[in-house]
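> Provided below for reference: sequence and predicted model.
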Amino acid sequence: MECENTTADVKIFEKKFEEYKKIVDEAIISYSKNIVVDDGPQAILYAAQNYSLILGGKRIRPILMLAVCDSVGSDLNECMPFAVAIEMIHTYSLVHDDLPAIDNDTLRRGNPTAHIKFGE
């Protein structure tokens, strides 16, 4: 079977993608507000975690989860904790990949990496 994409199909996809991305970004910001610690040694860890999560990105993984949930008629709010968790795991892998012992990257998405901004 041949699949033909029309300009209309692409526009529908792009609109839905941006809709899901906005929902995911808002959810991540909401979740990250719940993990703020004002003092103590763990405050730096939480600040670094929030910084890395909020930097953004394509959010492909959680968007795919929302698209699947939507396509089978599930409530997106029920899927959201899992979608956010997937993005958190992905962000964790990026932060660790950037560390000096691995790739020693200094920039991620045009911003200082977490270990540059907060220390290794």
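Cool, got the structure.
> Skip the chain neighbours and tell me the closest residue to the most centrally placed residue in the chain.
Centroid-nearest residue in the chain: Glu87, 4.2 Å away (criterion: C-alpha atoms, centre = their mean). Nearest-residue entry for Glu87: Pro62, 4.8 Å, with adjacent residues in sequence omitted and distances by C-beta to C-beta, 6 or more residues apart in numbering. From N, CA and C alone the C-beta is placed, and that goes for glycine too.
> model confidence over stretch 47-59, on average?
Mean pLDDT, stretch 47-59: 89.
> what about Gln42, neighbour count?
10 (other C-beta atoms under 10 Å).
> can you check His90 too?
16.
> moving C-terminal of the helix or strand containing it, what's the next helix or strand?
His90 belongs to helix 76-98 when assigned by DSSP states H and E. Counting by DSSP H and E, the next helix or strand C-terminal to helix 76-98 is strand 107-108.
> Name the residues of the host helix or strand of Ala8 that are buried.
Per DSSP H and E: Ala8 is located in helix 7-33. Across helix 7-33, burial judged by 16 or more other C-beta atoms under 10 Å covers Tyr20, Lys21, Ile23, Val24, Asp25, Ala27, Ile28, Tyr31, Ser32.
> Show the average pLDDT along it.
On average, helix 7-33 scores 92.
> buried set for the following helix or strand past that helix?
Heading C-terminal from helix 7-33, the first helix or strand you meet, by DSSP H and E, is helix 42-54. Going by neighbour count (16+ other C-beta under 10 Å), the buried part of helix 42-54 is Ala47, Ala48, Gln49, Asn50, Tyr51, Ser52, Leu53.
> pretty sure Pro100 contacts Ala114?
No: the pair Pro100 / Ala114 is not scored as a contact, 11.8 Å apart, by C-beta atoms under 8 Å.
> Who has more neighbours out of these two?
For Pro100 and Ala114, the more surrounded residue by other C-beta under 10 Å is Ala114, and the numbers stand at 23 against 12.
> Just the CA trace of stretch 48-62, in CSV.
This file holds the C-alpha atoms of stretch 48-62, laid out as CSV (Å, rounded to 0.1, in the frame of the first residue of the first chain):
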residue,chain,number,x,y,z
ALA,A,48,20.1,21.4,38.1
GLN,A,49,17.4,18.9,37.5
ASN,A,50,14.8,21.6,36.9
TYR,A,51,17.2,23.6,34.7
SER,A,52,17.8,20.6,32.5
LEU,A,53,14.1,19.7,32.2
ILE,A,54,12.9,23.2,31.5
LEU,A,55,15.5,23.8,28.7
GLY,A,56,13.1,22.2,26.4
GLY,A,57,13.8,20.1,23.4
LYS,A,58,11.7,18.3,20.8
ARG,A,59,9.8,16.3,23.4
ILE,A,60,9.4,13.5,20.9
ARG,A,61,9.0,10.7,23.4
PRO,A,62,6.2,12.2,25.5
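> Cool, thanks, talk later.
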